[in-house]
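S.K.: model this:
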Amino acid sequence: TLMSQLARGKNVKHSARELIQAVNAAVGGKGGGRDEFAQGSAPVGSASDVEGTVEQIRNYCKAVLRG
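M.R.: Numbering: from 1, shown residues only. Got it, this is the predicted structure:
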């Protein structure tokens, strides 16, 4: 299982809750939280699956935060 946590600073306009919902949908995970802090988990099989999932999450977050 891959666990993810997102937090935002006071000056960040993006919702951590909305972002984790999108990430969970993309990787088949579940979770939730508040606009300031959210967490989720996704099932993974092997170490290469973990690396691929982490890279997918990283790329998605970068794209969203760049606007």
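S.K.: In which helix or strand does residue 49 reside?
M.R.: Secondary structure from DSSP states H and E places residue 49 in helix 47-66.
S.K.: let me redo that: residue 26
M.R.: When elements are defined using DSSP H and E, residue 26 is found to belong to helix 16-27.
S.K.: roughly how far is that helix from the heart of the chain?
M.R.: 5 Å (Cα atoms, centre = their mean, to the nearest Å).
S.K.: Then stretch 36-56?
M.R.: 8 Å.
S.K.: circling back to that earlier point, and the helix holding residue 49, what does it pack onto?
M.R.: Under the contact definition 3 or more Cβ pairs under 8 Å, 6 or more residues apart in numbering; DSSP states H and E, helix 47-66 sits against strand 2-7, helix 16-27. Backbone N, C-alpha and C define where each C-beta goes, glycine included.
S.K.: what's the following helix or strand after the last one?
M.R.: Note on helix 16-27: by DSSP H and E, the next helix or strand toward the C-terminus is strand 30-33.
S.K.: Quick check: which ranges of this protein have low pLDDT?
M.R.: By pLDDT under 70, the low-scoring segments of the chain are 67.
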